[in-house]
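J.: Next comes the sequence, and after it the predicted model I'd like to discuss.
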Amino acid sequence: MNRFDLKERVRACEDWWFDTMRHVQTSGLVAVPEASKVVGEIRDSYIYGAVRVANAHVALRDLPIGDAHGTDYSQYTFVDMGSGKGRMLFVAAEYPFRKVIGVEFSNELHEEALANIKRYKYRGQRCAHIALVLADAAEFEFPEENLVVYMFNPFGPEVMKRMLANLERSIESHPRHVIVVMLWPEHADVVAGMPIMRVYRQTRRHHIYQAGNLRDRDVD
C-alpha cells in the first residue's frame, strides 16, 4: 500500500467514525447540482466535499474569541456558507456558539442536511440551536449579531464577491465583530481585499480575518 492509499484509508475511517458517533451521514463527494435543483443560479459553485474534522477543530480553536480575548463563543452565531450535508454544522455545535446556521443552495443537499439534523445525537454537543437556510449565498442576508462566517471553498470569486458585499453592507449598517474563517482558501485574496477586513491569522490550512472593534463584540 502506498502513502496516498494509506492516507485515503485513514481519512475514510475518520469520516466513518464521525458519522457513526453522531448518527449522521455527511461523507462523500457530491457533484455540482443541475440548474433546476438549486436556489438562484449555478454560476461558479464547486462540488460538495466534507471537511476533515481535525482541520476544522484547529481552525475553530484558533478564532479570536475565547477567554484569552475577553469574550466567548456564546456571543457569536456561526454561519457555514455552502453547508452541504451539514458536517461543519455538527463540528461547530461542539462549541458553545449562540446559534449555528447552514446556508445551502442545493435542494438535495439541503434535504440531506435536514435529515441529518433530525438524526443527530451526540453527547459532546454544546450548541443546541442548529438551523438550515435554503438560499443563494450571493443573496443571503446575514444576522445582525456577532458572527463567525465559515467557508471551505464552496464557490468561486463571483459568488464570493457578491456575498462579501452583502456582509460588508451588513457590518456598516450594524457595526459588530465579524470573523471570516477560510479552510484551505483558494480565493483568500477576495476577502483580504475588503477594506473593512483585517488579517488575524494565516496558516497553511486556514486563514482568519476580522472586522469590527473589541467594543463591537458585546451583545445583549
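T.: Nice, I can see it. These numbers were taken from a predicted model, which means no experiment stands behind them. Numbers count the residues shown, from 1 in each chain.

J.: Please state the offset of the lengthiest helix in the chain from the chain centre?
T.: The residue-count maximum for a helix in the chain (DSSP state H) belongs to helix 3-22. Distance of helix 3-22 from the chain centroid (C-alpha atoms, centre = their mean, to the nearest Å) equals 21 Å.

J.: same deal with stretch 56-64?
T.: With C-alpha atoms, centre = their mean, you get 12 Å for stretch 56-64.

J.: Excluding chain neighbours, what is closest to residue 116?
T.: Distances taken as C-beta to C-beta, 6 or more residues apart in numbering place residue 24 nearest to residue 116, at 4.2 Å, with adjacent residues excluded. (Each C-beta comes from the backbone N, C-alpha and C, glycine too.)

J.: The protein: strands as residue ranges?
T.: For the chain, the strands defined by DSSP state E occupy 29-30, 48-49, 77-81, 99-104, 130-134, 147-151, 178-183, 198-202, 206-211.

J.: ok now do residue 187, which residues does it touch?
T.: 153, 156, 157, 160 (C-beta atoms under 8 Å, 6 or more residues apart in numbering).

J.: give me the number of residues near residue 49?
T.: Residue 49: 15 surrounding residues under other C-beta atoms under 10 Å.

J.: just to revisit the earlier point, as a markdown table, the strands of the chain with mean pLDDT and distance to residue 164 would be great.
T.: Output for those, formatted as a markdown table (pLDDT from 0 to 100; distance: least, C-beta to C-beta, whole Å):
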| stretch | mean pLDDT | distance to residue 164 |
| --- | --- | --- |
| strand 29-30 | 82 | 25 |
| strand 48-49 | 82 | 21 |
| strand 77-81 | 98 | 10 |
| strand 99-104 | 97 | 14 |
| strand 130-134 | 98 | 17 |
| strand 147-151 | 98 | 9 |
| strand 178-183 | 97 | 8 |
| strand 198-202 | 96 | 14 |
| strand 206-211 | 97 | 10 |
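
J.: circling back to that earlier point, show the buried residues in the contacts of residue 187.
T.: 153, 160 (16 or more other C-beta atoms under 10 Å).

J.: Pick the one among the contacts of residue 187 closest to residue 56.
T.: residue 153 (13.4 Å; C-beta to C-beta).

J.: Which parts of this structure are helices?
T.: Counting by DSSP H, the helices of the chain are 3-22, 53-61, 87-92, 107-119, 157-173, 188-192.

J.: So which bits of the longest one are buried?
T.: By neighbour count with 16+ other C-beta under 10 Å, helix 3-22 contains the buried residues 15, 18, 19, 22.

J.: What of stretch 142-157?
T.: For stretch 142-157, the buried set under the neighbour-count rule, 16+ other C-beta under 10 Å, comprises 142, 145, 146, 147, 148, 149, 150, 151, 152, 153, 154, 155.

J.: So what's the gap between it and the chain middle?
T.: Put simply, stretch 142-157 sits 6 Å off its chain's centre (C-alpha atoms, centre = their mean).

J.: same check, this time on stretch 175-188
T.: That offset, for stretch 175-188, works out to 9 Å (C-alpha atoms, centre = their mean).

J.: just stretch 84-101 next, same as before
T.: Relative to the centre of its chain, stretch 84-101 is centred 8 Å away, using C-alpha atoms, centre = their mean.
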